[in-house]
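> need a structure here:
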Amino acid sequence: MKSPLSPSDVDALRRLREEPKFGPARNRLYPGAPDEQIRVRCATVIDEMLDSLISASPKIPERFVLKRFSLVMRRFKNEDSEEIEEAGSYCEAVMCILGIESSHGILNRGRYGFLLGTLLSIWPRRSKT
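Purely as a prediction, here's the structure:
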């Protein structure tokens, strides 16, 4: 992870914070939240996470970010799978911005549950040779 964050990293987090969330995705399969109440509820969770990261910048420890991901995924546990998957996509966008290589299984466990998520996190990856 980049530490401390550059001004452009913080700006990227701010741009992500300002963009509309949980609407239909143009270049992905996500159809958008089923209704406006769900869209607002889900977007609020992601925006709160982004606000906490922006306010903690420029020196954000990786464990702080991963803890935020864990909290986000817990708050999505009763949502439909499409919203859970989209929440994970927002966390992955944050990982790209901050230069975090792995969520250490947090996103998999949030998406697929503890058992399958843990198995996916430790499953040996095949090399592309």
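> buried residues, the helix or strand that contains residue 40. List them.
Per DSSP states H and E, residue 40 falls inside helix 36-56. Buried residues in helix 36-56, defined by neighbour count with 16 or more other Cβ atoms under 10 Å: 39, 41, 42, 43, 45, 46, 49, 50, 52, 53, 54. To be clear about C-beta, it is placed using only N, CA and C from the backbone, and glycine gets the same treatment.
> next one: stretch 2-19
Within stretch 2-19, the residues scored as buried using 16+ other Cβ under 10 Å are 5, 9, 10, 12, 13, 16, 17.
> any regions of this structure where pLDDT drops low?
Along the chain, segments meeting pLDDT under 70 span 114-129.
> list the contacts of the most centrally placed residue in it.
Centroid-nearest residue in the chain, with Cα atoms, centre = their mean: residue 91, separated by 1.4 Å. Counting by Cβ atoms under 8 Å, 6 or more residues apart in numbering, residue 91 touches 49, 69, 72, 73, 103, 107.
> sec struct for the second one, please.
Using DSSP: H, G, I helix; E, B strand; the rest coil, the three-state assignment for residue 69 comes out as helix.
> now for it, how many residues are close by?
For residue 69, the tally of surrounding residues (other Cβ atoms under 10 Å) stands at 23.
> residue contacts, it?
Residue 69 is in contact with 49, 91, 94, 103, 106, 107, 110, counting by Cβ under 8 Å, 6+ apart.
> you'd agree residue 17 is up against residue 49?
No: counting by Cβ atoms under 8 Å, residue 17 does not reach residue 49; the two are 9.3 Å apart.
> got JSON lines for the buried residues of stretch 2-19, with distance to residue 64 too?
Shown next, in JSON lines, are the buried residues of stretch 2-19 (distance: Cβ to Cβ, whole Å):
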{"residue": "5", "distance to residue 64": "12"}
{"residue": "9", "distance to residue 64": "14"}
{"residue": "10", "distance to residue 64": "15"}
{"residue": "12", "distance to residue 64": "17"}
{"residue": "13", "distance to residue 64": "13"}
{"residue": "16", "distance to residue 64": "17"}
{"residue": "17", "distance to residue 64": "17"}
